[in-house]
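1. Sequence first, predicted model second:
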Amino acid sequence: MSSTVEPRTGGGVNMTRLLMSFGPLIFLAALVIIFTVMKPSFIDPINIFNIMRQISITGLIALGMTFVILTAGIDLSVGSLLALCGMVAAVVAKGGAANTLSLSAAGGTGYGWFAALLAAVIVGALAGFIQGLAITRLRVPPFVVTLGGLTIFRGLTLTISSGGPISGFDPSMRWFGNGLVGPVPVPVIIFAIAAVLCHIVLRYTRYGRAVYAVGGNAEAARLSGLRVDRILISVYVIVGFFAGLAAFVLSARLNSSEAVAGIGYELTVISAVVIGGTSLFGGIGSVGGTVVGAALIGVLQNGLQFNNVSSYTQSIVIGLILILAVAFDRWLKSRVRR
Amino acid sequence: MSLAQAAAAPADDVLLAVQGVTKHFSGVTALDDVSLDVRRGEILGLLGENGAGKSTLLKILSGVQGPSSGRIVFDGAEFSPADPQDAKRLGIVTIYQELSLIPTLTVAENVFIGRAPVGPLGLVNWRRMVEDSRQIISRVGLDIDPRTPVSALSVAEQQLVEIARALSLESRLIIMDEPTSALTETEVQRLLSIMDLLRKDGVAIMFVTHRLEEASAICDRMTVLRDGRLAGHLERDGGPIQIPRIIEKMVGRAASELYARPTEREIAGGVRLSVRGLRTVRDPEAPHAIVLEGVDLDLKAGEILGVAGLVGSGRTELARAIFGADRIAAGTITLEGKPIAPASPADAIALGIGLVPEDRKHQAIFAALGILTNFSVAALGRFSNGLGFMAERRERDALSEYKKMLSIRMASAEQAMEGLSGGNQQKVVLARWLARDPKVLIVDEPTRGVDVGAKAEVHQILVQLAQRGIAILMISSELPEVLAVSDRIVTMRRGRITGEMPAVEATEEKLMELMALDRRQGRAQ
């Protein structure tokens, strides 16, 4: 019978596969070492926690974005959605849309942090659901639907807030942004828990398998009995939920919800996911990669700042890294295919 | 298939000579000391199983890769193209299965792509371009408006446009890679007669194909590859090269060992799936699709019912309708006595129906994902607990069980599906359905793109499954396969069932007649 040798099972390929899984991680470690050598105080726990807190907001959204990109979709609306959810959370927390520039909580009129959190994630999930419906039922590409969402949600936010910020929350709510558990900032804990949960869902559940399958080949998934449309809608609900959660944490941290919050976040978020090795064509990627990708961006930003590199130059470097990371990924894959 | 044969070209008129070409890829020898030649005005068949080295040879000849060693002489000069563009310029054009026309552009624009005739101001002279294109495509018997966008043409017409373009580039050798795989019978005949015309014009053609009947009908000579080596050359003597001779060269053993003749099996089971008066409607999104009309069918438990039909007979549409993938306009489907109306594949699967689709790459496999995911995707319920967590141990055990049962050759459960050969991929897809223990399994072209050796294995697997009581509907355009594997055979043509008989009574001739009744009339014109 055809006992032909499968040419792709050699040891060299396994090495490549290994690189594919750990490439971004190696890159991250190298950056940390370089920055530490340049300025040893970089590695101080205070700075490290600082970096982790910085990345936790976009990191949360990036977790949701990982689901979306795994299905070969994209969500450009997350920055605007973050602003909308933050504004809704603020309205609920303050008991009204009255703009205030005072940073102290006006005692007793609001509905408390839990209602604010709930409102933020429900609005986020609902927005994702509606976008998912538009993508699957109207057959409009995700890029277009969420590009529309990007302006719609920003407009809604400005309408609710009349353009201004809503500030001054309860200390109980602010704890979610500024609190510490031991030395660890609360946003970092929220991000870590969320990342672990997402990892478990994608790696160990039936739903996770379905997400990969839909991204790998939607037609084959459909002919294998998966309800492809439902899965597609669900990933937009998930990313919307995380945009809501991130909005809540950001508002708590800034003690204010800004109508202009989150502008450009979609690009940071997508960069984190893509640098982390998730393929824009779907089916390939992991939560671990996204966490590393988010950390890479955070370390770069912080490290460059630490060394007094201007924010203009930072943008240039991060853009270059993004392109390099994807080029590296492509190159690895072309080696595996051959 | 009997085309008028041109007189054999004189043997000394060699256009292309491949001499001892070897190609290594990271330790694997894909081609080992292969020699062949193509003469002016002849059609050389290049045959071999998948993995025999055909594609590697094509890549070398079309300038995609260079050989590791060996020598190629084209038209008296050393041939070592820097890239595909260079190969084209030197006079060798390769036409691949995936056509390289740009669908949004017109026929004329495609023919003149990169070399549009320009006027004095450097602007495109559209009138001349259209007129010249009209002439160019008439050479391959195409009579269409050159201003038609390519996307509006059938696959066959697109192919002819590509051939015409190649001719207009003054190509002296046209390599055709599986040109007939997507064509209907009439279109195949048309293509073959055009190839015949070109041969008479002195054009050399290398015809790479799996379809032995076509190769036998048209080729002057054949070169057969096996496992990267030259298995031999075949030459016409008097009549066409006989198919059993080709198969013997391809597989290294006699064809009679490959296909067992059908034996009458005792089918104990009652009718499991029954279709009555099935009709489908024309989908505005797919206006070329075949519409089923009044299809009746009974499938018994433990039986393999072969559906023989040419491309465009409605056989695939039948499978998709039963599977809930296409909408049904009228008719009833009964499963184990109960009427069913699956509105989606998910419904059909829940009812116990499985489908191994025809187009493995696009419809069945998740190429970049691991074998494990590919295997369990249709049975996620079976391999997960009530909370939705995967029971990976159980999943892996099941996979290794099927690996043994179907002798799937793979490195690990995590190996990417695209790393497997076609035959092993197909076995994984079969295992996917076995994991669900289906009542009815529909297999559409089960051995397409599968090596001759693995074909026999897939056939054995199908018979074993039937013996376990699964009702199997096997759709195939390969008559030897239908004859060897089926218990009973129905034929289809133009969306209707045209005949039914037990496999032991069937012959290729009988089936062909029922599948293609109007073929004779078509040829008589």
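-> Structure received.

2. Now do the SS call for the residue nearest in space to the middle of chain B.
-> Centroid check for chain B by C-alpha atoms, centre = their mean gives residue B:181 as the closest residue, at 4.6 Å. Look at residue B:181: counting by DSSP: H, G, I helix; E, B strand; the rest coil, its state is coil.

3. Give me the below-cutoff pLDDT ranges for chain B.
-> Across chain B, the ranges flagged by pLDDT under 70 are B:1-12, B:26-28, B:50-51, B:252-265, B:268, B:282-290, B:311-312, B:516-525.

4. On the three-state scheme, residue B:307 is what?
-> Using three-state DSSP as the criterion, the local structure at residue B:307 reads strand.

5. for it, which residues make a bridge with it?
-> Residue B:307 has these beta-bridge partners by DSSP bridges: residue B:475, residue B:490.

6. That one reaches residue B:472, doesn't it?
-> No. Using C-beta atoms under 8 Å, residue B:307 is not in contact with residue B:472, being 10.7 Å away. To be clear about C-beta, it is placed using only N, CA and C from the backbone, and glycine gets the same treatment.

7. Could you count how many residues lie near residue 92?
-> Going with chain A. 21 (other C-beta atoms under 10 Å in any protein chain shown).

8. actually chain B
-> 28.

9. And the helices in the stretch 1-150 of chain A?
-> For the stretch 1-150 of chain A, the helices defined by DSSP state H, counting those that start in this stretch occupy A:11-38, A:45-70, A:78-94, A:112-137, A:142-161.

10. And those helices: which comes nearest chain B?
-> helix A:11-38 (7.0 Å; C-beta to the nearest C-beta).

11. Show the average pLDDT along stretch A:178-193.
-> For stretch A:178-193, mean pLDDT rounds to 94.

12. Going by neighbour count, which residues in it are buried?
-> Judged by neighbour count (16 or more other C-beta atoms under 10 Å in any protein chain shown), stretch A:178-193 contains these buried residues: A:179, A:185, A:186, A:187, A:188, A:189, A:190, A:191.

13. List of residues touching that stretch?
-> With contacts defined as C-beta atoms under 8 Å, 6 or more residues apart in numbering or on different chains, stretch A:178-193 is touched by A:45, A:49, A:52-53, A:55-57, A:59-60, A:175-177, A:245, A:249, A:252-253.

14. Would you write a PyMOL line that selects the buried entries of the residues you listed?
-> Buried residues within these, by 16+ other C-beta under 10 Å, are selected in PyMOL with:
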select buried, chain A and resi 52+53+55+56+57+59+60+176+177+245+249+252+253
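
15. Just list the residues touching residue 169, thanks.
-> Looking at chain A here, since you left the chain open. Counting by C-beta under 8 Å, 6+ apart, residue A:169 has contacts A:90, A:93, A:94, A:105, A:110, A:113, A:116, A:251, A:252, A:255.

16. Let me rephrase: I mean chain B.
-> By C-beta under 8 Å, 6+ apart, residue B:169 lies in contact with B:88, B:93.

17. before we move on, what about residue A:278?
-> Contacts for residue A:278 (C-beta under 8 Å, 6+ apart) come out as A:66, A:69, A:70, A:284, A:285, A:286, A:289, A:290.

18. Pick out whichever of those residues sits closest to residue B:157.
-> residue A:284 (37.1 Å; C-beta to C-beta).

19. Would you check that the closest one makes contact with residue B:370?
-> No. Using C-beta under 8 Å, residue A:284 is not in contact with residue B:370, being 10.5 Å away.

20. Now residue B:500. Its backbone dihedrals?
-> Recorded main-chain torsions at residue B:500 are phi -150, psi 140, according to degrees, to the nearest 10.

21. Would you check that residue B:162 makes contact with residue B:95?
-> Yes. The pair residue B:162 / residue B:95 is scored as a contact, 5.1 Å apart, by C-beta under 8 Å.

22. For residue B:276, see how far away the closest residue to chain A within the stretch 151-300 of chain B is.
-> Going by C-beta to the nearest C-beta, chain A is nearest to residue B:227 of the stretch 151-300 of chain B, at 7.2 Å. Note on residue B:227: its distance to residue B:276, by C-beta to C-beta, to the nearest Å, is 49 Å.

23. What does the residue lying closest to residue B:416 once chain neighbours are set aside show for phi and psi?
-> In space, and not counting its chain neighbours, residue B:416 is closest to residue B:368: 5.9 Å by C-beta to C-beta, 6 or more residues apart in numbering or on different chains. Backbone torsions for residue B:368, taken as degrees, to the nearest 10, come to phi -90, psi -10.

24. Over to residue A:187?
-> phi -60, psi -30.

25. Then residue A:278?
-> Dihedral pair for residue A:278: phi -80, psi 130, per degrees, to the nearest 10.

26. Excluding sequence neighbours, find me the nearest residue to it.
-> In space, residue A:278 is closest to residue A:285, 2.7 Å off (C-beta to C-beta, 6+ apart).

27. who touches that neighbour in this structure?
-> A:66, A:69, A:70, A:273, A:276, A:277, A:278, A:279.

28. That one: helix or strand, and which one exactly?
-> Using DSSP states H and E, residue A:285 sits within no helix or strand.

29. what number of residues lie near residue A:319?
-> Residue A:319: 12 neighbours (other C-beta under 10 Å).

30. re earlier: mind checking which of residue A:284 and residue B:370 has more residues around it?
-> residue A:284 (21 against 16).

31. how about the nearest residue to the more buried one, chain neighbours excluded?
-> residue B:368 (5.6 Å).

32. now do residue B:330
-> With sequence-adjacent residues excluded and distances taken as C-beta to C-beta, 6+ apart, residue B:330 is closest to residue B:279, at 4.2 Å.

33. How many neighbouring residues does the one you found have?
-> Neighbour number of residue B:279 under other C-beta under 10 Å is 15.

34. Now for it: which residues touch it?
-> Taking C-beta under 8 Å, 6+ apart, one finds B:291, B:292, B:293, B:294, B:295, B:328, B:329, B:330, B:331 in contact with residue B:279.

35. how much space between residue A:216 and chain B?
-> To chain B, residue A:216 is 4 Å away according to C-beta to the nearest C-beta, to the nearest Å.
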